[in-house]
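Visitor: got a predicted structure here, sequence first:
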Amino acid sequence: MKREDFLCLAERELHGMLTVIKQKNHDYTGADDDALANFKITEKLGLSDARTGLLIRMVDKIQRLRTYIAKGQLQVPGEGAKDAARDCIGYSLLLIAMLEEQEAPYERP
């Protein structure tokens, strides 16, 4: 793939992902204004650090990608390899947000 084609693909994917990220964040956090609330629930339940919970979910997506590469197909209709790759990008953005929050904690009023 030529560089220009890759950059067009990246721009298209990232633009599309922003819409999906907004929708998923709404669905996963409900009325909570904290964009990371659904990951922080693991801490409230005493299960793990929210970042660890996020990484576990990311590993699930990586495993789906490994299956696709090894077998050439996935069984869940409507959830392809590109979707799993996009989810990894989304999880990476969430991890960056967690790391930023750790450096400068968000203060609730």
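Guide: Good, I have the coordinates.

Visitor: surely residue 42 touches residue 55?
Guide: No: counting by Cβ atoms under 8 Å, residue 42 sits too far from residue 55 to count as a contact (11.1 Å). No exception for glycine: its C-beta is placed from N, CA and C like everyone else's.

Visitor: which of the helices or strands spans residue 41?
Guide: In this assignment (DSSP states H and E), residue 41 forms part of helix 37-44.

Visitor: ditto for residue 92
Guide: Using DSSP H and E, residue 92 falls in helix 81-103.

Visitor: the helix or strand of the chain with the lowest mean pLDDT: what's the following helix or strand?
Guide: Lowest on mean pLDDT, DSSP states H and E among the helices and strands of the chain sits helix 37-44, with a mean of 87. Downstream of helix 37-44, the next assigned helix or strand under DSSP H and E is helix 50-71.

Visitor: quick one: that next one to chain centroid distance?
Guide: Distance of helix 50-71 from its chain centroid, counting by Cα atoms, centre = their mean, to the nearest Å, is 11 Å.

Visitor: would you mark the buried spots in it?
Guide: The neighbour-count check on helix 50-71 (16 or more other Cβ atoms under 10 Å) flags 50-51, 53-54, 58, 61, 64-65, 68 as buried.
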